[in-house]
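S.K.: Pasting the sequence and the predicted coordinates here, then a few questions.
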Amino acid sequence: MLRAIIFDFNGILVDDEPIHLELFQKVLFEEGLSLTKEEYYARYLGMDDRGCFKAAYRDRGRTLDEATLTELIRRKAVYYRNAIQRRLTVFPGVKKLIPQLSSSYPLAIASGALRSEIEMIVQTIGLRNYFQVIVSTEDITEGKPSPEIFAKALTLFNQHNLDAKPITPSECLVIEDSKEGILGAHRAGMKCLAVTNSHPKVELTEADAIVGSLDEVTIPFLESLLP
């Protein structure tokens with residue numbers, strides 16, 4: 001039975017994956033490294049900033065110490081805040097679906113984005129009050145495909161609802177756009193609905209269901225995934 005829903009953020013609620021690509025490219029270029037669009041979508045999409053920079057350096061045979069990594073993340077965050085103010089796009093269906101779902105289910109965001117980025121955007125688009133839980137990269141030690149972020153969201157759900165019967169992983173549905181997110185959800189014991197915002201359907205076949213847009217999603221459809 002469906003009792004809680006966990007949303008990814010980038011690529012699910014807001015269409016900012018192209019911005020993240022551009023900014024990873026910009027920061028890496030400043031460090032003498034290159035990153036193609038094809039590499040990003042095939043290899044790095046779904047990782048948090050920490051994981052992406054570490055993997056990019058490792059894949060290119062470069063070492064990366066913690067101080068430099070922290071600086072790269074900080075620099076990208078500054079660029080992101082400037083870019084998102086000019087190019088904020090919400091995916092179709094999001095502003096309609098989220099309020100509908102929140103009247104029946106607790107909602108969470110579980111994202112490898114920085115908390116300041118998530119908070120800024122959900123406040124800007126008027127959806128902050130619909131999410132009971134937000135888990136960001138600062139709250140975890142391992143990014144997706146680790147299940148840690150989804151397990152953390154579930155723990156917080158149950159802490160917020162101490163008077164209710166605890167929610168179990170099998171009662172949670174994750175909504176994701178990446179292969180890493182799908183794998184992380186399944187490792188957490190949760191079912192996953194994939195949306196083809198970032199990858200074609202053929203690359204998301206490990207999800208329990210796939211839709212082209214949240215505009216297609218209804219409450220009865222989601223409930224059918226966890227009967």
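M.R.: Here it is on my side, so go on. Numbering: from 1, shown residues only.
S.K.: Quick check: closest non-adjacent residue to Met47.
M.R.: Excluding the flanking residues, the one nearest Met47 by Cβ to Cβ, 6 or more residues apart in numbering is Gly143, at 5.6 Å. Where C-beta positions appear, they are placed from N, C-alpha and C, glycine not excepted.
S.K.: How about the contacts made by the one you found?
M.R.: Under the criterion of Cβ atoms under 8 Å, 6 or more residues apart in numbering, the contact list for Gly143 reads 47-48, 50-51, 112, 137, 149, 180.
S.K.: which SSE is Lys96 in?
M.R.: In this structure, Lys96 sits in helix 94-102 according to DSSP states H and E.
S.K.: Give the rounded mean pLDDT of that helix.
M.R.: Helix 94-102 carries an average pLDDT of 97.
S.K.: can you pull the pLDDT of the most far-flung residue of the chain relative to its centre?
M.R.: Centroid-distance maximum for the chain: Asp163 at 28.7 Å, with Cα atoms, centre = their mean. pLDDT recorded at Asp163 is 78.
S.K.: cool, Ile84 as well?
M.R.: Value for Ile84, per-residue pLDDT: 85.
S.K.: what's near enough to touch it?
M.R.: Per Cβ under 8 Å, 6+ apart, neighbours of Ile84: 16, 19, 117, 120-121.
S.K.: which among those gets closest to Val90?
M.R.: Ile121 (8.8 Å; Cβ to Cβ).
S.K.: The closest one is in what secondary structure piece?
M.R.: Judged by DSSP H and E, Ile121 forms part of helix 115-124.
S.K.: sorry, back to before: chain center to the helix holding Lys96: distance?
M.R.: Distance of helix 94-102 from its chain centroid, counting by Cα atoms, centre = their mean, to the nearest Å, is 17 Å.
S.K.: Among the contacts of Ile84, name the buried ones.
M.R.: Among the contacts of Ile84, those buried by neighbour count (16 or more other Cβ atoms under 10 Å) are 16, 19, 117, 120-121.
S.K.: still on that earlier bit, helix or strand right after the helix holding Lys96?
M.R.: In N-to-C order, the element after helix 94-102 by DSSP H and E is strand 107-110.
S.K.: and the helix ranked longest in the chain, C-alpha only, in PDB?
M.R.: In the chain, taking DSSP state H as the definition, the longest helix is helix 66-87. Extracted as PDB, the C-alpha positions of helix 66-87 are listed here (Å, rounded to 0.1, in the frame of the first residue of the first chain):
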ATOM      1  CA  GLU A  66      39.300  17.300  -0.100                       C
ATOM      2  CA  ALA A  67      40.100  21.000   0.000                       C
ATOM      3  CA  THR A  68      40.100  21.300  -3.800                       C
ATOM      4  CA  LEU A  69      36.800  19.300  -4.000                       C
ATOM      5  CA  THR A  70      35.200  21.600  -1.500                       C
ATOM      6  CA  GLU A  71      36.300  24.600  -3.500                       C
ATOM      7  CA  LEU A  72      35.000  23.100  -6.800                       C
ATOM      8  CA  ILE A  73      31.600  22.500  -5.200                       C
ATOM      9  CA  ARG A  74      31.500  26.000  -3.800                       C
ATOM     10  CA  ARG A  75      32.400  27.600  -7.100                       C
ATOM     11  CA  LYS A  76      29.700  25.600  -9.000                       C
ATOM     12  CA  ALA A  77      27.100  26.500  -6.400                       C
ATOM     13  CA  VAL A  78      27.800  30.200  -6.900                       C
ATOM     14  CA  TYR A  79      27.500  29.800 -10.700                       C
ATOM     15  CA  TYR A  80      24.300  27.800 -10.200                       C
ATOM     16  CA  ARG A  81      22.500  30.500  -8.100                       C
ATOM     17  CA  ASN A  82      23.300  33.000 -10.700                       C
ATOM     18  CA  ALA A  83      22.100  30.800 -13.600                       C
ATOM     19  CA  ILE A  84      18.900  29.500 -12.000                       C
ATOM     20  CA  GLN A  85      17.600  33.100 -11.400                       C
ATOM     21  CA  ARG A  86      17.600  33.600 -15.200                       C
ATOM     22  CA  ARG A  87      16.600  30.100 -16.400                       C
END
